[in-house]
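> using only what follows, build the 3D model:
(one chain, ligands or ions: 1)
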Amino acid sequence: MTELLEEQRESWGTRGGFVLAAVGSAVGLGNLWRFPYELYDHGGGAFLIPYIIAVFVIGVPMLILEFSMGHFTQRAAPNAFARSHKRLEFVGWWSIILGFVIITFYAVILAYCFSFLWFSIKGIVTGGELPWAGEGLTGVENAKSFFNNTYLGKIDGPSLGNIRWNIFWPLVVTWVVMYLCIFRGVKLVGKIVWLTVPLPWLMLLILTVRGLTLEGSIEGLAYYLNPDWSELTKATTWRFAFGQAFFSLSLAFGGVMITYASFLHRKSDLNNNAAIIGLADFGTSFVAGLAVFATLGGMAFVTRQAGHPVAVQNVAEGGPALAFIAFPYALAQLPYSAWFSFVFFFALATLGIDSGFSITESVLAAITDKTGWRRCVVLPVISIVGLAIGMVYITQGGLNWLGVVGDFIDGTWGIAFLGLLECITIGWLWRVDVLRRHANERSDWKLGKWWDYLIRIFTPVILCSLFFWSLFDDLTREEGFLRSPDGDWILPNCVGLSVMILVPIAAVLVSCARGRGDLERRNSSEMNLQAKGQFGGTIALVLAGASAVLIMVLFRFAVEGRHERLLLCASLPLPAAAVIIGNHLLNRHNKSDTRASRLARWGGMLGTIDIGGFIALCLVYSTSKESEHAAHPPQEQLSTVSYVILGAVSLLIICGLGWCFYRALSAANEDAGIQHPDEVGDEEQETDA
Ligand code: PHE
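Numbers count the residues shown, from 1 in each chain. Predicted structure coming up:
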């Protein structure tokens with residue numbers, strides 16, 4: 001690794017600066033804008049089960065993987081992948097380009113937030129009237145009409161219509177603010193986040209306390225938390241839980257966590273920081289949901305008292321409607337509406353801005369690492385291109401397209417698929433044990449060998465089964481996926497899928513181009529080792545190949561509605577054997593001065609995918625086909641189970657964070673007496689020399 005230290009890379013000022021920046025990236029619109037309605041839409045309290053699994057069993061270990069990759073290689077995502085294996089650079093670019101696609105619309109939502117912030121300020125100045133205020137169900141219509149007609153000038157259908165200049169200026173403001181936050185490099189980012197992270201938390205706290213103390217808040221919470229267990233049998237629930245967890249932790253796409261960790265000092269904790277970030281992110285989402293639904297409950301109560309009742313389910317819609325229609329409407333029914341509306345949109349904007357610039361920073365670092373071009377040239381170009389592409393979404397039909405692209409990124413081919421690719425390639429083609437040791441050497445608490453298996457086998461199997469399960473779902477939709485039953489093309493899906501296909505193609509092309517930054521890339525020493533285990537590898541590959549064919553046949557049967565159980569039983573032992581053999585060869589040869597043969601790696605990898613396919617098939621056979629969402633029945637009381645859920649989640653967050661901080665503090669105390677020459681970035685160079 002010495003060669004990596006030779007060059008001077010910028011670094012965060014302090015541990016706090018890094019943790020806050022990573023938390024800032026993780027905690028964003030996803031927490032306050034998406035999580036509450038994802039949970040409401042997918043089974044209330046029951047959604048927490050897949051979500052907690054996604055965050056803590058898959059998310060945090062993957063966060064550690066990304067941190068250690070970035071820290072080990074000292075490079076942004078594409079070069080970090082390239083250094084781990086020279087053919088993997090495209091995976092990094094894939095995530096960077098997808099990140100760029102996301103930032104173009106993320107900035108547009110931020111622009112909405114700035115606009116609504118401005119409306120709230122105007123409301124305060126002009127004596128508390130909000131432009132969307134209105135009573136009863138007509139009031140809800142008012143709020144809808146304000147957002148859809150007055151603000152967006154929305155038109156339906158695929159056409160775009162005119163550009164809305166009233167959104168253009170906030171969009172410019174968004175890009176300028178993001179530019180100003182990062183143009184001086186991560187040192188400044190490390191300082192800015194001391195403001196952009198705690199401030200929205202404070203706002204959220206105000207909203208939560210206010211929400212919970214409103215009369216009727218419990219009714220809102222009942223909608224939020226009362227579990228509907230039947231949702232757990234649906235592919236979409238799990239897919240959304242994983243998609244939301246990846247999105248919220250800024251994992252897999254964008255390469256943000258890899259980039260941020262690449263700016264860390266050599267001696268910086270990785271494991272504990274990842275756990276803190278996971279817990280903080282989950283906690284923020286959960287509390288944001290409490291704030292939103294308690295307030296909706298309060299609104300329902302007030303409107304009932306006033307004789308024009310509006311129930312929670314009348315307004316609780318997903319998507320932008322929650323943040324820009326339902327919640328503003330609810331606030332308008334309550335005292336001090338403009339002030340609280342200001343607090344809400346201020347929280348939303350400050351939550352989102354540091355997530356937004358984290359993606360921009362990651363794209364920027366990837367380009368500068370590859371090309372060696374200067375930040376001051378690349379950043380303005382990224383900002384202007386991002387703004388220009390964002391113009392599509394600020395047209396009259398823009399929100400429809402924003403939804404389409406957003407859904408695809410969440411969908412089958414989106415984030416979780418990229419997570420799968422990341423784990424499986426690093427797990428099988430490179431050496432997770434090296435990364436684990438790297439992380440352990442500098443962390444407050446250590447990972448066991450289980451982590452290797454989690455990254456190499458368990459996570460890919462889970463993500464893969466989810467992928468196939470939802471692919472099956474897409475392919476067997478009654479209304480068709482790319483073509484409707486009448487044979488018409490379904491334009492939004494075609495465009496969305498094209499974007500998802502173009503991204504990896506572009507990624508491969510970019511990774512093939514040679515940049516100046518590539519010149520100093522060295523092959524990892526592993527590549528020079530002699531390959532062993534050819535025979536075992538061949539067997540593994542043949543077994544995995546055979547079972548892949550078998551699973552594809554079964555998949556075809558399943559699409560036709562046939563259940564071939566006998567074949568299904570036969571299709572597990574083959575990939576399981578392939579994985580065991582591949583894994584055994586990998587462990588054996590990586591320890592000596594030989595490396596496992598390519599065949600063993602590919603055999604193991606394919607076997608892992610097959611097992612995922614097998615589980616997906618079992619799920620397809622055993623769960624019912626997706627039915628439309630049952631309407632939420634009116635709920636007045638929090639059930640006992642919901643109280644248990646509330647208690648358990650609070651306990652998890654409080655005890656988890658307490659434990660992490662305790663470990664961090666004891667590690668800091670242990671360190672206090674020891675002088676670490678590499679604690680200061682500049683001194684690092686001296687040590688190395
Ligand atoms: N995690 C951010 C949010 O919850 C979104 C994001 C995704 C930011 C990926 C950076 C990278 O809003």
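
> whichever residue of the stretch 451-600 of the chain sits closest to the ligand: neighbouring residues, count only.
Per CB to the nearest ligand atom, residue 503 is where the stretch 451-600 of the chain lies closest to the ligand, at 14.6 Å. Heads up, the C-betas are built off the backbone N, CA and C, glycines and all. Neighbourhood size, residue 503 [other CB atoms under 10 Å]: 22.

> which non-adjacent residue is nearest it?
residue 97 (5.0 Å; CB to CB, 6 or more residues apart in numbering).

> and the one you found, how many neighbours?
Residue 97 - counted by other CB under 10 Å - has 23 other residues nearby.

> cool, residue 154 as well?
Residue 154: 18 neighbours (other CB under 10 Å).

> residue 292 now?
So residue 292, with other CB under 10 Å, has 29 neighbours.

> now do the helices in the stretch 151-300 of the chain.
165-182, 186-196, 198-213, 217-225, 235-248, 256-262, 271-305 (DSSP state H, counting those that start in this stretch).

> actually the stretch 1-150 of the chain, not the one I typed
2-5, 15-26, 29, 35-41, 48-52, 60-73, 77-84, 89-125, 136-145.

> low pLDDT regions in the stretch 201-350 of the chain?
316-319 (pLDDT under 70).

> go with 80
For the stretch 201-350 of the chain, the stretches with pLDDT under 80 are 235, 253-254, 266-267, 306-321.

> near the ligand, which residues of it?
247-248, 250, 253-254, 256 (CB under 6 Å from any ligand atom).

> so where do the helices sit in the stretch 401-550 of the chain?
Listed in chain order, the helices of the stretch 401-550 of the chain (DSSP H, counting those that start in this stretch) span 415-429, 432-441, 450-453, 459-475, 491-512, 534-559.

> so which bits of the third one are buried?
Spelled out, that is helix 450-453. 451-452 (16 or more other CB atoms under 10 Å).

> now swap in the second one and tell me
By neighbour count, and taking 16+ other CB under 10 Å as the criterion, the buried residues in helix 432-441 are 432-433, 435-436, 438-440.

> closest one to residue 132 out of those residues, please.
When the buried residues of helix 432-441 are ranked by distance to residue 132 (CB to CB), residue 439 comes first, at 48.9 Å.

> quick one: contacts for the closest one?
64, 67-68, 71, 270-271, 447 (CB atoms under 8 Å, 6 or more residues apart in numbering).

> how far away is residue 150 from residue 144?
To residue 144, residue 150 is 10 Å away according to CB to CB, to the nearest Å.

> ok, these two, which is more surrounded?
The residue with more neighbours, out of residue 150 and residue 144, is residue 144; 18 against 13, by other CB under 10 Å.

> contacting residues for the more buried one?
Neighbouring residues of residue 144 by CB under 8 Å, 6+ apart: 321, 325.

> mind checking pLDDT for it?
In this prediction, residue 144 carries a pLDDT score of 85.

> same question for residue 398.
For residue 398, pLDDT reads 81.

> what's the burial count for it?
24.

> distance of it relative to the ligand?
Distance of residue 398 to the ligand, given as CB to the nearest ligand atom, to the nearest Å: 19 Å.

> equivalent analysis for residue 90, please.
For residue 90, the distance to the ligand - CB to the nearest ligand atom - is 19 Å.

> could you pull up the contacting residues of the residue nearest to that residue when sequence neighbours are not counted?
In this structure, residue 90 finds its nearest non-sequential neighbour in residue 511, 4.1 Å apart by CB to CB, 6+ apart. The neighbourhood of residue 511, defined by CB under 8 Å, 6+ apart, consists of 78, 82, 89-90, 92-93.

> residues from this protein in reach of the ligand?
Going by CB under 6 Å from any ligand atom, the residues of the chain near the ligand are 25-26, 28-31, 247-248, 250, 253-254, 256, 355, 358-359.

> domain map for this structure?
28-517+639-676, 528-624 (automatic domain parsing).

> residue 668: how many residues sit nearby?
12.

> would you mark the buried spots in the host helix or strand of it?
Using DSSP states H and E, residue 668 maps to helix 640-672. Buried residues in helix 640-672, counted by 16+ other CB under 10 Å: 642, 645-646, 649, 652-653, 656, 660, 663-664, 667.

> over to stretch 202-213?
203-204, 206-208, 210-212.

> pipe the helices of the stretch 151-300 of the chain into a markdown table and attach distance to residue 463 per row.
Shown next, in a markdown table, are the helices of the stretch 151-300 of the chain (distance: least, CB to CB, whole Å):
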| stretch | distance to residue 463 |
| --- | --- |
| helix 165-182 | 30 |
| helix 186-196 | 30 |
| helix 198-213 | 30 |
| helix 217-225 | 27 |
| helix 235-248 | 7 |
| helix 256-262 | 17 |
| helix 271-305 | 17 |
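
> ranking these by burial, who's on top?
helix 256-262 (a mean of 29; mean count of other CB atoms under 10 Å).

> residues contacting it, please?
With CB under 8 Å, 6+ apart as the criterion, helix 256-262 contacts 9, 18, 21-22, 25, 63, 66-71, 73-77, 80, 92, 99, 186, 249-251, 270, 358-359, 361-362, 365-366.

> tell me, how many residues neighbour residue 449?
Residue 449, neighbours per other CB under 10 Å, totals 11.

> where are the low-confidence patches of the stretch 451-600 of the chain?
In the stretch 451-600 of the chain, residues with pLDDT under 80: 474-475, 477-487, 490, 492, 514-534, 536-537, 558-571, 589-597.

> ok, residue 496 - contacts?
404-405, 407-408, 411.

> and of these, the nearest to residue 488?
Among the contacts of residue 496, and counting by CB to CB, the member closest to residue 488 is residue 404, at 16.5 Å.

> can you confirm residue 595 is in a helix?
No - the assignment for residue 595, made by DSSP: H, G, I helix; E, B strand; the rest coil, is strand rather than a helix.

> perfect, I'm done here.
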